[in-house]
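Undergrad: fold the following.
(chains A, B, C and D, ligands or ions: 4)
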Amino acid sequence: MTAPLLALEDVSVDFVSGGVTHPAVRDVSLSLTAGEVLAVVGESGSGKTVTAMSLLRLLPATARLSGRAVFEGRDLYAMGTAELRAVRGGRIGMVFQEPMSALNPVFTIGAQLVEAVRAHRPVTRRQARDRAAELLRLVGLPDQERRLRAYPHELSGGQLQRVVIAMAVACEPALLVADEPTTALDVTVQAEIIELLRDLRDRLDVAILLITHDMGVVAGLADRVAVMREGRVVEQGEVVEVLRRPRHAYTRQLLDAVVSLTASPEAVAVPDARDGLVSRGGQVAVAGSGSVPDDPAADAVLVVDGLTVVYGGRFGLSGTRAVDGVSVHVRPGEVLGLVGESGSGKSTLASVVVGLRSPTRGTVTLAGRDITALRGRERRTLRGVVGTVFQDPASSLNPRATIARTIAEPMLLHGAPGGVDPATRVDELLDLVGLSPALRERYPHELSGGQRQRVGIARALALDPALLVADEPTSALDVSVQARILDLFRSLQERLGFACLFISHDLGVVERLAHRVAVLRDGRLVEQGPTADVLTRPLHPYTTELITAAPVADPDLQRERHVRRRTTTP
Amino acid sequence: MRTAKFIGVRLAGALLVLFIVGFCTYAVFYLVPADPALASCGRPCTEQNLALARDFMGFGDPWWRQFLDFVGGIATGRTFGAGATAITCEAPCFGYSFQQNTEVLDLIGERLPVTFSLAAGAALLWLVTGVGAGVVAALRRGTPLDRIALAVSVAGVSAPVYLVGLLGILLFGFTLDVVPVGGYVDFATSPVDWAWRLALPWAVLAFAHAAVYTRLTRSQMLDTLDEDYIRTARAKGLTETKVVGKHALRNVLLPVVTVFGVDLGSLLGGAVITERVFGLPGLGGLLIDAVNQRDLPLLLGCTLFAAFLIVTANVLVDLCYGALDPRARLS
Amino acid sequence: MSDPLRPNAVRPIRGAALVVLRRDRWALAGALCIALLALLAVGADVLTAITGQDPYTYRIEALDPATGAPAGALGGVSGTHWFGVEPLTGRDLFAIVAHGARTSFLIGLAATAVSVLLGVVLGAAAGYLGGALDRLVTWTADVLLGFPYLVFMIALGAVAPAEVPRPLLLIVVIGFFGWPSMARIVRAQTLTLRARGFVSAARSLGAGPVHVFRHELLPNLWGPIIVVATLSIPGKIGLEAALSFLGVGIPPPTPSWGRTISSAIDWVGTDPMFLVFPGAALFLATWAFNVLGDGLRDALDPRTAR
Amino acid sequence: GANEPPPGASQAQATRGGTLRILLDGQTVNYDPAKSSSLAITSLGLVHRRLTAWHNKPGEPAKVVPDLADVGKTDDGGKTWTFTLQEGLKFSDGTPITAADVKWGVERSFAPAFSGGLGYHKQLIEGGADYRGPFEGAELAGIQTPDDRTIKFTLVRPYGDWPWVVSTPAFAPVPKGKGQEADYSEHPVASGPYQLVEYRKGVEARLTRNPNWSTDVDKVRAGLPDEVVFQLGQDASVISQRLVADSGDDKFAFGASFVSPAQLAQLAGNTSARQRLVTSKSGALAYLAFNTGKAPLDNPKVREAFQYAVDKTSYQIASAGNAELAGDIATTLITEGIAGREKFDLYPTQPAGDPEKAKKLLAEAGFPDGLPELDFVVSKSNNYPDKAQSVQASLARAGIRTTIRTLDSDAYTTETTGDTATFDLTLSSWQPDFPSANANIQPLFASSEIGGGGYNLSRYRNAEVDRLIGEAQATVDPVEAGRKWAELDKRILEDSPVVPLIYTRNSFLRGSKVANLFIADFPAYPNYLQVGVTP
Ligand SMILES: Nc1ncnc2c1ncn2[C@@H]1O[C@H](COP(=O)(O)OP(=O)(O)OP(=O)(O)O)[C@@H](O)[C@H]1O
Ligand SMILES: Nc1ncnc2c1ncn2[C@@H]1O[C@H](COP(=O)(O)OP(=O)(O)OP(=O)(O)O)[C@@H](O)[C@H]1O
Ligand SMILES: [Mg+2]
Ligand SMILES: [Mg+2]
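TA: Residues are numbered from 1 along each chain as shown, chains lettered A, B, ... in the order given. Ligands and ions are numbered 1, 2, ... in the order given. Okay, the predicted model is just below:
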């Protein structure tokens, strides 16, 4: 047995603010040898991120660290600045949980990647740029040259996540700390990324500390698993061991909560295409280019008709057609699952629906009124019936508002539903999304990623909306909390009958929640239909691809798939 | 296309601003209880002489007519008086100063290099020291260094420039005798002398102006240092200098550049007191003379010129926004 | 505990101020300074009555007959003249500084308030709403920045009817000419802020411009606002002095710091104390507002607040 | 000023040669005679000679002396005047100076393009009223040049001070036909000891010797330095600091602006610099003027009260720190150093005034409870606000309340010399443009000088005085004229249109190598024409 590459010994972290101490991590001991993948799973807010960040000493000044983190024989916690700097990015690469706020908004992707390369390698700018392009290719971002010139706000969530991964592996570190590296990725890209990480490990003997809540990813990649809860590691062991025979009650609870895609595509003959469309019952898919048409129900809450959004090119460059002729509708009480490739325009579509962006072409009708034609007060009042969960919880929360204040915001604007006291309602909402009322007075930066996401959900639900637009609302949640939120959605929906545009890359979640599914690719709607039909008998090849790539929480199955991928993609 | 439109709108805006500034100056000037012709009337002044002087200088007409004449003069040039002593002022004619016997444009042209030298050097100095001190103050928040930076900044804004200039001359010019006192040497004549003579004025101006940069930088820096992307930059293994000097600073610069635009614009219009104390023949002195002597053409010329610089500086600053922060790009 | 749901519960500035005073010794010192100066201004009559002085009576006997400078060391500092006397007149400098606080403090602060208010509202509106309003505000600001206000003041001094109270006139005029730079800074900040997620989030909730301004923008704008506002106080006090020479300001002999300082500059070589006392008062006022501003900034920023 | 050392006592003897520097706070110097209002003994005199010149020495009243010409002759009681030019006069370009050139120069001053200079002659020369200058071919009827050396003026009325008037700048020669360009001031053709070789606005004006000038033909100019450099646009405080420091080129320099009270106080502790301070013996009359056209100051009794209320001592201190440097207390309108001046005091009281008496007079005038608040307007220049405060404080002792209104100097001029006036009180001072009592009194008290830019600030209107002024002006004999003016002085003060305050002394500072810098009794400025440097 070789000496571990990284050994955490009794690591504890406390946050001290205003004289009050919040313990975040308690006596965590973990170890990792070269070429090993250790997955850390656990409850949202259990201290996973804090533990990871403590390694590179990136915690805010309010954090108090204790214990030791021995990396390559030296204690990271006691290292001098120069030494630490060499380790950061050079020996240990870090993928941050929230990619959308992890990149500097004022520098291009290229500049930030080049910098990461040049921080530890004596290469010229040119060489570094080539390497940056190469990295983007590795993480599956097409059109690298253009991406290098783009600014962070011009990329989609999943694209940014891949940039962040590229940045972390830029200098081929010995240890990669990846905090939820695939949350914003659709299943096909996710599979590619897992492939990439696996390759890194195999080729360069990179050790990976993988923090994730996706049991499918754990099963596909990890050698060992550590389960955390309330700041402590409650169980640790070989991945097969833990997943098959969990010992701790919490682990069992966690595994029980896993939602996997149960459907698997049946090999049913695809009907012939007519007018560029294939259809079967209520299910439609495109055979050529273009989007599938939509036949909105008369009582639809939301009707999106022929929506096209073009992001204007700067200085005469041609723009990006992020959404291209998409038509969908959502009826009251219905959940429309929107799935699709990362960067396919899901968030863009959502932003138009919630009125943050005006469409280049097409109309959006909300509760019977064309929102693009409304102005001023009327438009704002209409906003009261839509609840929105944003893809990036971190930036959608005002850093200077307490979370209670943030959650209460819609009520301050439109009045609390049923005239209840906003303060009571806030407590109620916090409880609904599983947050302790003790967090009321905290500011967003004092929360974990999953906690922030739940604040966003609570805010969206505050007014009992008629339409909920949820953009990856459960991406940062561990499976048990996710299950809870999904239950919440479903029960609220039954009770209130609201419509929901549910964007997710987690097909298992979509399967459980959505009545109908729309599949987006490259800005075009390639398939639409009832959930069961689309997921079991896809018409479009891309849909099939998606379904087959969906990870399952079974190590053996995942390995098997991996081998299959290897052989099919040379 | 969009860029062209943007520039078009800005250009039209700039012209509009200049027109309004000119018009307001003209209008207000006629509220000022003084007759510009009085200075050209001599002593003893009689009604008749006054009327003559007025007529010759073109002050006989109603004020709006005069303003139109002025605007017309920019396009077509003007002639004052008639016969052998007539003064012709070629287009573009920004007026003729009767007190100084020169076309306003020439006067401004003569003074511009001085003011420009003064402003550019001082601006550079205060930008560097101000932002530098701000960064240090932010990084060393709450330490004596931070407190000293605050005290110095406050002293800088509170102390009258005139006083600082005078004390500077007394200390460095006479007591220590390290810099020459006053006077201006062309850059072309002797770059060393040029810089040497301007060193003290630069320092004085910088001392007076740096405060707001220091404080703004400090405050914005403190905000920025807590952002997630700073954490990312650190995680890359960048040196602290790079993290702060590049990643944080770039996000801090927006308000700093804004103040800089406003300051530089107005400074290029003349740093009256500094020019005066150091005997530098710059635009500030010209403008003040124009005001004091009720030299309307000169006043108008200087004002328009200063406004032009301010508008230009602000347009440049606006253009900078996009480069500094892509999110601030005007949509 | 303040009710976190009150509309302005986004780090409420009043609450923050209290926190600051409790936690930050420097900010407390600043606040005390301001209180002291305010006391000086309010109680000027009482304070000067202690030594039987007023800022108007000439006391030639307190001057050195050879030069007109104050007799005695340190500008004539003594038990009766705490700060010495004014050269050439022998008026009590303490009385002048104390009564001057009234003029300068009042006008400096009120004018700052006017320009901050205008600047912040216009700047934020321009940056957030953009379009024609933005152009209008930017152009107006440019016009004001380019406009030779000196000429305007001269005209005003002659045109403004004597019935208009001079302090009011000064506050309006100085405040009005002071807003453009504040507006430009606020506008620049707003341009970046409006692209931030939480502003979009609020907009998608149906927040109108006023709500966004008060609850999303303003709390994130305090930093630059505090800095620019506090640092503009001495400039405004100086302007007040300059204007009093143009007939717009508070006419002499009503004391004002700016005017006293400007006449004291001439005397630095002979009677430095004449400059030191009013100068220190001005410095202290600015400094105090700045440290208090620093403390407030920190308290308003939940991330740096300890 | 009895215990002051005689001005310039410690100065070394000036030698010929060297470079003299004159430090100016103005941005420009003007060498166009038509546009200049320079005194006969200052800057313009270095370059241009005029028909007559001033002889001024400490302790002697100023006299008119020959310059280009003799001091003039009249044989009809002052209506026509004939001047004969010296022989062998040459311009700097070598051409001879003829009577026609002088005539051309005077005519040129009538051109609207060249207005702005001293214009005492413009209403006096026959035909001047509607003459528009020589450039369109017209000649001025009132000037004849029978030959190259004779010039004859015909005036519209007899004018005894005409020889003084021809010492004003407009009577400098301009080569006939030249000078129609607006910037003539930047390359004038010199007749004096120096010619302008370089002129940079706001920076400096450099004068070098005129090769065609010599002391043989010019008795009033010493022409000692080889070069005279005016350094322009210098701050007054900086000038005095430089001169106090007395280093480098500044040793050869003197300041053209007055030394301020604060600087005077600073000099008190600096023996070496104090030695280099030159203070005039007397100077411009500083006075408090009443708007006699407006109640309650239209009442002479009320005005008389002010004569006692004002504390002239505190005014002295406010102006210069002490009585010595400020100047003597004034009781007359005609200033010291002017021929014919008589000293008297119509309202004798102690220097600090007599508030009780003032109160009594006010009560007699019907104001037992003091006057309504008076509007006291002053210019912001020349420390007037400070001086006004001292007057304000002293008036307050007699129960006279005033509000000071400070105005920018041009606004002030317009307010006080305009056609309508709303002010009650103002402070001003008057330095005559030529050393005659006429120039002391007529501009300030003739009713023709009310409004329209005239300097009769107190809007004093008295038909008898107007008549007497006319008579005195027409008197050719200086002694006789002097007597008339002195009488007028008293007559006017009986009506109290003003309170004479002090004869303001001016102080100047020079470098240690500047020699022969003296100030005569009139005017209160150094005689630039005599100054030289020592090596
Ligand atoms: N700056 C901070 N100040 C105070 N408490 C903090 C701070 N940062 C994190 N915490 C708290 O520490 C705990 C652990 O946070 P951490 O981010 O490690 O959770 P996590 O396991 O990564 O959860 P998630 O899966 O939701 O991201 C949470 O309860 C969080 O509220
Ligand atoms: N402001 C912008 N300027 C230019 N291009 C943009 C901008 N915002 C998004 N895009 C581009 O538009 C496309 C769609 O982006 P969008 O965010 O809608 O994707 P998405 O479907 O939400 O992806 P993900 O699942 O990765 O979040 C992407 O290719 C992205 O690069
Ligand atoms: Mg986390
Ligand atoms: Mg997205």
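
Undergrad: run a quick neighbour tally on residue A:264.
TA: By the criterion of other C-beta atoms under 10 Å in any protein chain shown, residue A:264 has 11 neighbours. All C-beta atoms are positioned from the backbone trio N, CA, C, and that covers glycine.

Undergrad: so it, which of the three states?
TA: Per DSSP: H, G, I helix; E, B strand; the rest coil, the secondary structure class of residue A:264 is coil.

Undergrad: do the one 5 residues further on as well
TA: Three-state call for residue A:269 (three-state DSSP): coil.

Undergrad: tell me who's in contact with residue D:484.
TA: D:468, D:471, D:472, D:475 (C-beta atoms under 8 Å, 6 or more residues apart in numbering or on different chains).

Undergrad: pLDDT at residue A:496, what is it?
TA: We have a pLDDT of 84 for residue A:496.

Undergrad: now swap in residue B:41 and tell me
TA: Looking at residue B:41, its pLDDT reads 77.

Undergrad: circling back: top of the contacts of residue D:484 by neighbour count?
TA: residue D:472 (25 neighbours).

Undergrad: now do the contacts for that residue.
TA: Taking C-beta under 8 Å, 6+ apart as the test, what residue D:472 contacts is D:160, D:437, D:438, D:481, D:484, D:485, D:488.

Undergrad: how about the second one: what's its closest non-neighbour residue?
TA: Nearest non-adjacent residue to residue D:437, counting by C-beta to C-beta, 6 or more residues apart in numbering or on different chains: residue D:485, 3.5 Å away.

Undergrad: now do the same contact list for the one you found.
TA: The contact partners of residue D:485, taken as C-beta under 8 Å, 6+ apart, are D:334, D:340, D:437, D:438, D:440, D:441, D:472.

Undergrad: do that again at 6 Å, thanks
TA: Applying C-beta atoms under 6 Å, 6 or more residues apart in numbering or on different chains to residue D:485 gives the contacts D:340, D:437, D:472.

Undergrad: kindly list the longest helix within chain D.
TA: Looking across chain D with DSSP state H, the single longest helix is helix D:478-494.

Undergrad: which SSE is immediately downstream of that helix?
TA: Sequence order places strand D:498-509 as the next helix or strand after helix D:478-494, per DSSP states H and E.

Undergrad: give the pairing partners of the helix or strand following that next one; include direction for each.
TA: Later in the chain than strand D:498-509, the nearest helix or strand by DSSP H and E is strand D:514-515. Strand D:514-515 has the following strand partners under DSSP bridges: strand D:532-533 (antiparallel).

Undergrad: which residues of chain D score low on pLDDT?
TA: For chain D, the stretches with pLDDT under 70 are D:1-12.

Undergrad: rewinding a little: with distance to ligand 1 added, can I get the contacts of residue D:472 in a markdown table?
TA: Shown next, in a markdown table, are the contacts of residue D:472 (distance: C-beta to the nearest ligand atom, whole Å):
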| residue | distance to ligand 1 |
| --- | --- |
| D:160 | 97 |
| D:437 | 90 |
| D:438 | 90 |
| D:481 | 97 |
| D:484 | 97 |
| D:485 | 92 |
| D:488 | 92 |
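
Undergrad: from those, which is closest to chain B?
TA: residue D:438 (11.9 Å; C-beta to the nearest C-beta).

Undergrad: what distance do you get for residue B:78 to chain A?
TA: Applying C-beta to the nearest C-beta, to the nearest Å, the value for residue B:78 to chain A is 42 Å.

Undergrad: roughly how far does that residue sit from residue B:299?
TA: 17 Å (C-beta to C-beta, to the nearest Å).

Undergrad: before we move on, what about residue A:487?
TA: 76 Å.

Undergrad: do the same with residue B:132
TA: Between residue B:132 and residue B:299 the computed distance is 38 Å (C-beta to C-beta).

Undergrad: when these two are compared, which one has more neighbours?
TA: The neighbour count for residue B:132 versus residue B:299, taken as other C-beta under 10 Å, is higher for residue B:299 (29 against 16).

Undergrad: and the residue lying closest to residue C:89 once chain neighbours are set aside, helix, strand or coil?
TA: Nearest non-adjacent residue to residue C:89, counting by C-beta to C-beta, 6+ apart: residue C:58, 5.3 Å away. Judged by three-state DSSP, the three-state class of residue C:58 is coil.

Undergrad: let me see the backbone angles for residue C:58.
TA: phi -80, psi 130 (degrees, to the nearest 10).

Undergrad: list the contacts of the one helix or strand residue A:502 maps to.
TA: Using DSSP H and E, residue A:502 sits within strand A:499-503. The contact list for strand A:499-503 (C-beta under 6 Å, 6+ apart) reads A:301, A:330, A:332, A:334-338, A:346, A:467-472, A:514.

Undergrad: out of the residues you listed, which are inside helices?
TA: residue A:346.

Undergrad: and the contacts of strand A:499-503, which is closest to residue A:262?
TA: residue A:514 (13.8 Å; C-beta to C-beta).

Undergrad: got a list of what the residue nearest to the closest one when sequence neighbours are not counted touches?
TA: Spatial nearest neighbour of residue A:514, excluding adjacent residues (C-beta to C-beta, 6+ apart): residue A:337 at 3.1 Å. Neighbour list for residue A:337: A:502, A:510, A:514, A:517 [criterion: C-beta under 6 Å, 6+ apart].

Undergrad: tell me the one among those nearest to ligand 4.
TA: If you rank those by distance to ligand 4 using C-beta to the ion, residue A:502 comes first, at 13.0 Å.

Undergrad: burial check on the closest one, number of neighbours?
TA: 26.

Undergrad: over to residue D:158?
TA: 18.

Undergrad: now the closest residue to residue C:60 other than its chain neighbours, what's its secondary structure?
TA: Leaving aside its sequence neighbours, residue C:60 sits nearest to residue C:90 (C-beta to C-beta, 6+ apart; 5.4 Å). Following three-state DSSP, residue C:90 is assigned to coil.

Undergrad: residue D:109 and chain B, how far apart?
TA: 9 Å.

Undergrad: that residue and residue D:36 touch, don't they?
TA: No: in this structure residue D:109 lies outside contact range of residue D:36 using C-beta atoms under 6 Å: 9.7 Å.

Undergrad: which one of these two has more residues nearby?
TA: Taking other C-beta under 10 Å, residue D:109 and residue D:36 do not tie; residue D:109 has more neighbours (31 against 26).

Undergrad: tell me which residues touch the more buried one, please.
TA: Counted by C-beta under 6 Å, 6+ apart, residue D:109 has contacts D:34, D:117, D:170.

Undergrad: nearest to chain B among those?
TA: Closest to chain B, out of all of these and judged by C-beta to the nearest C-beta, is residue D:117, at 5.3 Å.

Undergrad: what is the burial count for that closest one?
TA: Look at residue D:117: counted by other C-beta under 10 Å, it has 24 neighbours.

Undergrad: now do the one 5 residues further on
TA: Residues near residue D:122, counting by other C-beta under 10 Å, number 22.

Undergrad: for chain C, see how far away it is.
TA: Plainly put, residue D:122 is 30 Å away from chain C if you go by C-beta to the nearest C-beta.
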